[in-house]
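Structure for this input, please:
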Amino acid sequence: MSSDLLEISDPIVDYDVATLKPRPVSRSAVVARLMANGQRLPASNDTLDFEACGLAQLRSHIELQRLSEEFLQADRIRCVLLPLLQALRESGVKPPLRIVDVG
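Next up, the predicted model:
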C-alpha cells in the first residue's frame, strides 16, 4: 500500500480541458488505480456515474464545511493571520497585502 492515499475525488472525474465537459471514466481503471494503492471504490458497471460521483463530492465538501465550522477553522486562521499582517505592516511592507488560500 502506498503511503500517500489518493483522494477518491481525483481519479473519478475527468474533464475535456478545451470544453470543460465531463468525459466518461472507466470504473476498472479507477478501481485498478485505487487497488494498487490499497484503496477501494464500489461501483456496479464499467463507467462511473458522473452524477453519483458529483453527489459524493458534494456530500464530502458539505461535511468538510460543517467540520470547519464546528472546529472554528476561520477563527483559528484569523488568530494566526492578524498578528502576521500587523507585523508586516509594522515592518514597512507596502499595501496591498494579499493572502491566498491554496488549500
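
what's the offset of the longest helix along the chain from the middle of its chain?
Ranked by residue count and defined by DSSP state H, the top helix of the chain is helix 50-70. When distances are taken as C-alpha atoms, centre = their mean, to the nearest Å, helix 50-70 is centred 10 Å away from the chain's centroid.

what's that helix packed up against?
The criterion is 3 or more C-beta pairs under 8 Å, 6 or more residues apart in numbering; DSSP states H and E, and there are no helices or strands that helix 50-70 contacts. (C-beta placed from N, C-alpha, C; glycine too.)

for that helix, what is the average pLDDT?
pLDDT averaged over helix 50-70 equals 85, rounded to a whole number.

Pull out the buried positions in it.
Of the residues in helix 50-70, 53, 56 count as buried by neighbour count, 16 or more other C-beta atoms under 10 Å.

What helices and strands are in contact with the helix or strand just after that helix?
Per DSSP states H and E, helix 50-70 leads on to helix 73-90 as the next helix or strand towards the C-terminus. For helix 73-90, there is no helix or strand it packs on, judged by 3+ C-beta pairs under 8 Å, 6+ apart.

Now helix 73-90 - C-alpha only, PDB.
The C-alpha coordinates for helix 73-90 follow below in PDB (Å, rounded to 0.1, in the frame of the first residue of the first chain):
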ATOM      1  CA  GLN A  73     -11.300  27.000  11.400                       C
ATOM      2  CA  ALA A  74     -11.900  30.500  10.200                       C
ATOM      3  CA  ASP A  75     -11.400  31.900  13.700                       C
ATOM      4  CA  ARG A  76      -8.200  29.900  14.100                       C
ATOM      5  CA  ILE A  77      -6.800  31.200  10.800                       C
ATOM      6  CA  ARG A  78      -7.700  34.700  11.700                       C
ATOM      7  CA  CYS A  79      -5.800  34.400  15.000                       C
ATOM      8  CA  VAL A  80      -2.700  33.400  13.100                       C
ATOM      9  CA  LEU A  81      -3.100  35.900  10.200                       C
ATOM     10  CA  LEU A  82      -3.900  39.100  12.200                       C
ATOM     11  CA  PRO A  83      -0.600  39.200  14.000                       C
ATOM     12  CA  LEU A  84       1.300  38.300  10.800                       C
ATOM     13  CA  LEU A  85      -0.400  41.100   8.900                       C
ATOM     14  CA  GLN A  86       0.300  43.500  11.700                       C
ATOM     15  CA  ALA A  87       4.000  42.600  11.800                       C
ATOM     16  CA  LEU A  88       4.200  43.000   8.000                       C
ATOM     17  CA  ARG A  89       2.600  46.500   8.300                       C
ATOM     18  CA  GLU A  90       4.900  47.500  11.100                       C
END
